[in-house]
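Engineer: mind looking at a prediction? Sequence and model below.
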Amino acid sequence: MSDAARAPTPAAAEGAAASRVARGAPIIRVEGLTAGYDGRTILENVSFDVKRGEVFVILGGSGCGKSTLLKHMIGLYDVMAGRVFIEDQDITATGGDERTAILRRIGVMYQSGALFGSMTLLENVRLPMEVFTDLDAEQMDLLARMKLSLVGLIQFTGHLPSEISGGMQKRAAIARAMALDPPILFLDEPSAGLDPITSAELDALIRRLADSLGVTFVIVTHELASIFAIADRIIMLDKRVKGIIADGDPRQLRDESTDPYVRQFFHRQSDLAPQAA
């Protein structure tokens, strides 16, 4: 059975999402975040939270800071100002073992998938367990197979990344991100480079994992079809204000927002007017 066939109906998915989000307390809090590189500010004084169990999407136009925000949320770069709390612990103010403990609560799938080409899928998924646990080889193999089964790749455990399709590589990267059973998964442009059918299958997988496992997803994407298929809630960034211009249900924002840029984005319109000289 395909992932699309296993996915809940739109009405059922919306009902389940509403119930789950209503129960969710914030699992991530971003407070007054200012971020950038080489002295250049890209985001300024950004604040929001992510509820437990949400599929939360960060979107916006090119250069607005989507990936910058994600990388600072996972501690890959130091913030210029502000704080990021993962389950009430400030990742911006910790180091050493304390920071490692926080990072073990999150899984990350980068845009390229970032699988190690010389390792099989099983070995790729096992790697976080080898680094962060004391499990024996048999236990790690069993858990890695379970994660690959969750993403529909149990028959490909012995394959190298180069031997499978791009969509399967993204699935394997999600399996590796889930290796330590983190409550939060960060996905950076998961649909990038995929054809529409494969992208829709990946969307169905993300929605199924969120609904069945209760994992919180934070996803960077600009793909409208994916946004409407998976998102419980979105924030939209705008590089002109270096921050958030919209926060809420994507369908409601599409249909009811009074912000010209938000409407322009969701309706795939070109610039509303020539820029002033």
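Structural biologist: Arrived safely.
Engineer: so where do the strands sit in the chain?
Structural biologist: Using DSSP state E, the strands found in the chain span residues 26-37, 40-51, 55-60, 81-86, 89-90, 106-109, 184-188, 216-220, 233-238, 243-248.
Engineer: dump the ones you listed into CSV; add mean neighbour count as well.
Structural biologist: Heads up, the C-betas are built off the backbone N, CA and C, glycines and all. Formatted as CSV, those follow (neighbours: other Cβ atoms under 10 Å):
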stretch, mean neighbour count
strand 26-37, 18
strand 40-51, 17
strand 55-60, 25
strand 81-86, 18
strand 89-90, 14
strand 106-109, 23
strand 184-188, 23
strand 216-220, 24
strand 233-238, 22
strand 243-248, 18
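Engineer: off-centre distance for stretch 59-77?
Structural biologist: 11 Å (Cα atoms, centre = their mean, to the nearest Å).
Engineer: which one of the strands of the chain lies nearest to Met119?
Structural biologist: strand 106-109 (16.2 Å; Cβ to Cβ).
Engineer: helices or strands next to that closest one in the packing?
Structural biologist: Packing contacts for strand 106-109, counted by 3 or more Cβ pairs under 8 Å, 6 or more residues apart in numbering; DSSP states H and E, involve helix 166-177, strand 184-188.
Engineer: that older thread, mind putting the strands of the chain into a markdown table with distance to Asp134?
Structural biologist: Formatted as a markdown table, the strands of the chain follow (distance: least, Cβ to Cβ, whole Å):
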| stretch | distance to Asp134 |
| --- | --- |
| strand 26-37 | 27 |
| strand 40-51 | 31 |
| strand 55-60 | 33 |
| strand 81-86 | 24 |
| strand 89-90 | 23 |
| strand 106-109 | 19 |
| strand 184-188 | 23 |
| strand 216-220 | 27 |
| strand 233-238 | 38 |
| strand 243-248 | 42 |
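Engineer: any chance of JSON lines for these, columns distance to His159 and mean pLDDT?
Structural biologist: Shown next, in JSON lines, are the strands of the chain (distance: least, Cβ to Cβ, whole Å; pLDDT from 0 to 100):
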{"stretch": "strand 26-37", "distance to His159": "34", "mean pLDDT": "94"}
{"stretch": "strand 40-51", "distance to His159": "34", "mean pLDDT": "95"}
{"stretch": "strand 55-60", "distance to His159": "29", "mean pLDDT": "94"}
{"stretch": "strand 81-86", "distance to His159": "33", "mean pLDDT": "95"}
{"stretch": "strand 89-90", "distance to His159": "37", "mean pLDDT": "92"}
{"stretch": "strand 106-109", "distance to His159": "18", "mean pLDDT": "93"}
{"stretch": "strand 184-188", "distance to His159": "22", "mean pLDDT": "95"}
{"stretch": "strand 216-220", "distance to His159": "26", "mean pLDDT": "96"}
{"stretch": "strand 233-238", "distance to His159": "35", "mean pLDDT": "95"}
{"stretch": "strand 243-248", "distance to His159": "41", "mean pLDDT": "95"}
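Engineer: could you pull up the contacting residues of the nearest residue to Asp78 once chain neighbours are set aside?
Structural biologist: Nearest residue to Asp78, sequence neighbours excluded (Cβ to Cβ, 6 or more residues apart in numbering): Thr92, at 7.3 Å. Applying Cβ atoms under 8 Å, 6 or more residues apart in numbering, we find Thr92 in contact with Gly75, Asp78, Val79, Gly82, Arg83, Val84.
Engineer: same deal with Gly24?
Structural biologist: Contacts of Gly24 (Cβ under 8 Å, 6+ apart): Lys51, Arg52, Gly53, Glu54, Thr216.
Engineer: apply 10 Å and report the result again.
Structural biologist: Asp49, Val50, Lys51, Arg52, Gly53, Glu54, Gly214, Thr216, Asp232 (Cβ atoms under 10 Å, 6 or more residues apart in numbering).
Engineer: the first one and Gly214, how far apart?
Structural biologist: Yep, that's Asp49 we're talking about. 17 Å (Cβ to Cβ, to the nearest Å).
Engineer: what do you get for the third one?
Structural biologist: Look at Lys51 and Gly214: by Cβ to Cβ, they are 12 Å apart.
Engineer: for the contacts of Thr92, work out which two are farthest apart.
Structural biologist: Gly75 and Gly82 (13.0 Å).
Engineer: which parts of the stretch 1-150 of the chain are helices?
Structural biologist: 3-6, 10-23, 66-73, 96-103, 121-132, 137-150 (DSSP state H, counting those that start in this stretch).
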